[in-house]
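1. sequence first, predicted coordinates after that:
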Amino acid sequence: MIGTLQYMAPERLRNAAFDGRSDIFSVGIMMFQLLTGQLPFTGDYAIVHKILTERHPPLSQYLEKYPAALDGIVDRALAKSPDERYSTADEMAADLGSIERDLRKEQVAEWIEKAERLVQKEEFTTARDVLLEVLKVDSQHTTARQMIAQVRQSLSLRARAEQIRQLKSQAEEASADKRYDSAIHCLEQACGLDPSSSELSDLLDSTRQKKRRREMIDGYLRDADSARERGDLEAASAVIAKALELDRDDSRVRAAHVVLARLIEEAQRQAKAKKLLDDARKEIGARHFTEANEILGEIEKIDPSNPELIKLQSAAKQGREQEQRRRILEQLDREVSVASTVEELTRAAKLVEQALERLPSEPSLIKLKGTLARKLRDEEVRRRVDELALRCRSLIESSPEDALKLVHQLLHEAPGNERLLSLQSTILGHISERTQERARAEYLQKAHQALSAGQYNEALRILETCQKEGIVSPEITELMDFARQEADRGLKNTHVQGLMQQAQELMARGAYQQIVDLLGNVKPEPETASLMFVLEDAKTRLQSFDRMIQSVLQSAEVLRTHEQYTEAVRLLESQPPSVLQHEAVQRALKTMRDASASETSALQAIGNAYAHLDQADTGNPSLREDAKSPLLTRLVPIFASRRKSVADRQLSSAIESARVAFNAGDKKQAASALDAVIPFAEYASKDLQNEWQTLSKKAGKVRR
């Protein structure tokens, strides 16, 4: 008995006679499952009893709203007796088709009603989509076709109104940006869409007037620019006045008016500045620097960027500073000459600072400041070194690092000070002793922790690092011996575990030969029993893998012998990665690819040769060079025969033309006809070659 139990008819389960009506029962099961999502008969051992005796559950147990006629169809299809079922599938299909037609009518009526509501709400796009669904179901539905025509007309009117609105909006934006040509173009398009709109016509006329007014303003602005370039500011101002009368709101006209006003004002200011500059030069020449500075101050208010102003201000300033510098230097010379103590030097340095604030670039003051600063710094360093030495004596035991930091800070200010260098050496020695003792304790603590955790190699590394740093003690030597002994014990187990991990990784990748190479030299011992098991498994899998490789290679070789190189390449490339990466498979794949490429090259060479067969380059060498292609080997004799026929035809034609030319007494024409077939001569028949050579010798005197 073949089939799935849940779908079997009762007569099948009773081992009674059955026919196509048993399939009707199975179809009824599938229909029930499709409608409800459940099988009508379920269970383990009790399912047979249910199929034989129990009635299926009603559809109403699972569905709330459905065609009532479905109950009758399901009941008849799942009748226990074959005689009570549909006799054929066509009968069942007819009943289902009747329900389908009723549902389709209801669906179409709902869609038509929905489309009417959408049209009333002017949702024409959605209404069109609903009506298209109706036409998919009933393409000849009269109401739907009439309504969709109305909807499309409404959408067209709405689209035209939207297009006019967009064109008007674009025109208004362009007009606001003074792009009148673009605005006129948009308005002309809008008027074309709605010629009856007086609003669009008025807007178009208004825009054209604005364009003409702007063109007139452009002309005035060009005239004003020309007058301004000539230096005729009055004429330029008169032209701008005309433009303002035409359109006082034009930003370009207002800007040009402002620029002209500034230019006129600037010209007046320059004239006044020139007169004041002449007066300032006279005052400087008379060494009246105060009066000259007052005049220059007035000029700076009028024309602060005048280059002559800067030059005259510098001259006046230099004259006044020379007088001030002379008086200051005389006073400082008297003060510095009598200074000898620290207090006197400090007072002299303050005076020099004050003088530098007034004369910051005076060389003699800068030099004097450096000398005074050096003397004061030497005295200050001497005092601070003495204080630091006393302070470090109290810090060297409790906090030598702080003491060293203080010494470094002072050495940064007084590098090379002998007393500071000696103090630094003493502190560093003390710190070195303390550091070594701390390091030994830290290394021992880390080694003890590693030993406690069974990390003997780590403990050995820590202790060896300690010795390399020069820290040696009997305790360290004893711990190193103990760590070496324990490390040797674990080395063998670690080695076995490492080999097992490598073998497992290779097994996961299918690298069986590498497993054999890795474990081949391992001695059979109790500790290596697991490795021996993996080794034997790898050998077994390797043999199976080799058989697979041989099978693939044999299949590829069969394809190769039939010159099916592309199929052989596809066969090899479709293998699993472990097979594809095998060296023999890679060699075979390369051979097949080369053979396929050679075959392709041979076909190209043959095609090229045939394409040029009737041309002067008939002796294409590509067919003779590729001797490895069996295809080319077979086709070359055929091509040679074809080439001989072409050459015979060419030479025959040339010989005939040459004879006609000789008979007409035109040897030059005969020679030309014979020369034209030189490339074909070597492939022609011997008789034609001899005849062609004879005529060529006859025409040889007139060749060029």
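-> Good, I have the coordinates.
2. what's near enough to touch residue 685?
-> Counting by Cβ atoms under 8 Å, 6 or more residues apart in numbering, residue 685 makes contact with 644, 648. C-beta coordinates here come from the backbone N, C-alpha and C atoms, glycine included.
3. and what of residue 167?
-> Neighbouring residues of residue 167 by Cβ under 8 Å, 6+ apart: 186, 187, 189, 190, 193.
4. element containing residue 514, please.
-> Assessed by DSSP states H and E, residue 514 sits inside helix 512-519.
5. so what touches that helix?
-> Helix 512-519 has contacts (Cβ under 8 Å, 6+ apart) with 499, 502-503, 506-507, 531-532, 534-535, 538-539, 541-542, 545.
6. output the contacts of residue 167 as TSV; include the columns distance to residue 86, neighbour count and secondary structure.
-> Shown next, in TSV, are those (distance: Cβ to Cβ, whole Å; neighbours: other Cβ atoms under 10 Å; DSSP: H, G, I helix; E, B strand; the rest coil):
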residue	distance to residue 86	neighbour count	secondary structure
186	71	24	helix
187	74	25	helix
189	68	16	helix
190	68	24	helix
193	64	13	helix
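7. name the nearest of the residues you listed relative to residue 8.
-> residue 193 (72.1 Å; Cβ to Cβ).
8. find the nearest non-adjacent residue to the closest one, please.
-> residue 164 (5.3 Å; Cβ to Cβ, 6 or more residues apart in numbering).
9. near residue 679, how many other residues are there?
-> When counting by other Cβ atoms under 10 Å, one arrives at 14 neighbours for residue 679.
10. distance of it from residue 454?
-> Going from residue 679 to residue 454 by Cβ to Cβ, to the nearest Å gives 90 Å.
11. show me the contacts for the residue nearest to residue 193.
-> Residue 164 makes contact with 190, 193, 194, 197, 200, according to Cβ under 8 Å, 6+ apart.
12. what about 7 Å?
-> Going by Cβ atoms under 7 Å, 6 or more residues apart in numbering, residue 164 touches 190, 193, 194.
13. so what's the first one closest to, chain neighbours aside?
-> Closest residue to residue 190 in three dimensions, ignoring its sequence neighbours and counting by Cβ to Cβ, 6+ apart: residue 167, at 4.1 Å.
14. for that neighbour, helix, strand, or coil?
-> Here residue 167 is helix, with the state taken from DSSP: H, G, I helix; E, B strand; the rest coil.
15. mind checking pLDDT for it?
-> Predicted confidence (pLDDT) for residue 167: 83.
16. repeat for residue 164
-> Looking at residue 164, its pLDDT reads 82.
17. now it: how far from residue 192?
-> The value you get for residue 164 to residue 192, if Cβ to Cβ is used, is 10 Å.
18. same check on residue 566?
-> Distance, residue 566 to residue 192, using Cβ to Cβ: 63 Å.
19. the more surrounded of the two?
-> Neighbours were counted for residue 566 and for residue 192 using other Cβ under 10 Å; residue 566 has more, 15 against 11.
20. phi first, then psi, for that one.
-> When read as degrees, to the nearest 10, the backbone of residue 566 gives phi -60, psi -40.
21. apart from its chain neighbours, what residue comes closest to it?
-> The shortest distance from residue 566 to any non-neighbouring residue, by Cβ to Cβ, 6+ apart, is to residue 596 (5.5 Å).
22. ok, that neighbour to residue 605 distance?
-> Residue 596 sits 15 Å away from residue 605, going by Cβ to Cβ.
23. which one's more surrounded, these two?
-> When residue 596 and residue 605 are compared for neighbours, residue 605 comes out ahead with 23 against 17, by other Cβ under 10 Å.
24. the stretch 551-700 of the chain: helices as residue ranges?
-> Using DSSP state H, counting those that start in this stretch, the helices of the stretch 551-700 of the chain run over 565-573, 577-580, 583-611, 622-625, 630-663, 667-675, 678-681, 686-698.
25. circling back: go ahead and confirm the residue nearest to residue 566 touches residue 564.
-> No: assessed by Cβ atoms under 7 Å, residue 596 is found out of contact with residue 564, at 9.5 Å.
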